[in-house]
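1. Predicted model and sequence follow; I will ask about them next.
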Amino acid sequence: MWTVTGFEQQKKFFEGLVRQSPPAGGLAHAYIFSGQEMIGKKMFAHDVFTMANRQARFASHNPDLCELAPRVADDETWIYIEDVRNLKRFLSLKAFQGPYKFVIIDDAHRVQDAAANAMLKILEEPSPMTVFILVTSQPEQLPQTISSRCQHIHFLPHSEKTIEQSLTKSDLTKAERELVAGMADGRLGWALTMAKPDNLKTLKKAVADIVGLLKQPLTARMQYAKTLHEKELSGSYVPLWLHWVYSQRTTLPYAHRVLSGLLTLHQYISQPQYNHRLLLENTLINL
């Protein structure tokens, strides 16, 4: 029934709701699923949809499901009013297989103001047997008017042990599983993504580089910054350095200073108006 790992308390809660029948019981019309990124909130929402509609397995093309998210493939980071307006036709229809229709909005905190106002009108007059699930890692960024009309379900990060156990199905060695699980910071989705061969290769190279850099003289660090910039690898390496240093914060000398420098670098490295090579050199020299 459940494909998502963990969250036993939340599972029992929704199992109880699904066993009840509307209007006396059943699912509420709107929920906010909040918690750290990539821990399984959207997968949990998919499982609730599958279970509530008594489906054998989840299918993204199900006619009773509508999913919204920022159009990342089009370099968009927001959900616009047009996206919310397009819900009207879906909401006007009765459930095809049912009994419920679901609207799952991923990264709901990315809803623009105009889109949020349109969504509020929908939530104020909910369609019967329709469930909204707003998935977000930043619930405080949602307008209070929307937040107050939803039931809040919070998801905690997974334990390092749980993540490492989930990685046993992969071809990773014990040392690789420990490395990925330690850097995941409770994010099972991140760990499973990084366990893929190409991603794991990048992760191990990034970690090996930062470990070596912390022992290198200034001239070697400057040369490395030049090479990293020319190969355009800073965007993928810097976040991995942050994850690794944070995982080693209790044992790594000067971890606080290193983390502070990397956080600043990470903040500016994605902004094109800055000189990335100069930022890299300055940060690596002062690690």
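-> Ah, there it is. Residues are numbered from 1 along each chain as shown.
2. Walk me through the domains of this structure.
-> As assigned by automatic domain parsing, the chain contains the domains 8-155, 196-285.
3. so which of the ones you listed comes closest to E178?
-> Among the domains of the chain, domain 196-285 comes nearest to E178, with 10.1 Å by C-beta to C-beta. No exception for glycine: its C-beta is placed from N, CA and C like everyone else's.
4. just how off-centre is the closest one within its chain?
-> Centroid separation for domain 196-285 versus its chain: 22 Å, with C-alpha atoms, centre = their mean, to the nearest Å.
5. Regarding V258, what is its secondary structure?
-> helix (DSSP: H, G, I helix; E, B strand; the rest coil).
6. Tell me who's in contact with it.
-> If you count contacts by C-beta atoms under 8 Å, 6 or more residues apart in numbering, V258 has them with 214, 245, 252, 287.
7. now the domains of the chain as a markdown table including distance to T173 and mean pLDDT?
-> Formatted as a markdown table, these follow (distance: least, C-beta to C-beta, whole Å; pLDDT from 0 to 100):
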| stretch | distance to T173 | mean pLDDT |
| --- | --- | --- |
| domain 8-155 | 23 | 90 |
| domain 196-285 | 10 | 91 |
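8. Of all those domains, which one is nearest Q165?
-> domain 8-155 (14.5 Å).
9. Would you map the strands across the stretch 151-287 of the chain?
-> 151-155 (DSSP state E, counting those that start in this stretch).
10. ditto for the stretch 1-150 of the chain
-> Counting by DSSP E, counting those that start in this stretch, the strands of the stretch 1-150 of the chain are 30-35, 65-68, 101-105, 130-136.
11. mind checking which of those strands is nearest P157?
-> Of all the strands of the stretch 1-150 of the chain, it is strand 30-35 that lies closest to P157, at 7.4 Å by C-beta to C-beta.
12. I'd like to know which of the domains of the chain lies nearest to L179.
-> Here domain 196-285 is closest among the domains of the chain (C-beta to C-beta), at 7.0 Å.
13. Just confirm L280 contacts T227, I think it does.
-> No - using C-beta atoms under 8 Å, L280 makes no contact with T227, being 9.9 Å away.
14. the more surrounded of those two?
-> L280 (23 against 12; other C-beta atoms under 10 Å).
15. Let me see the contact set for that one.
-> Shown in contact with L280 (C-beta under 8 Å, 6+ apart): 225, 228-229, 234, 265, 269.
16. sorry, back to before: now the strands of the stretch 1-150 of the chain as JSON lines including distance to K11 and mean neighbour count?
-> Supplementary listing: those in JSON lines, determined by distance: least, C-beta to C-beta, whole Å; neighbours: other C-beta atoms under 10 Å:
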{"stretch": "strand 30-35", "distance to K11": "13", "mean neighbour count": "22"}
{"stretch": "strand 65-68", "distance to K11": "20", "mean neighbour count": "20"}
{"stretch": "strand 101-105", "distance to K11": "17", "mean neighbour count": "24"}
{"stretch": "strand 130-136", "distance to K11": "15", "mean neighbour count": "24"}
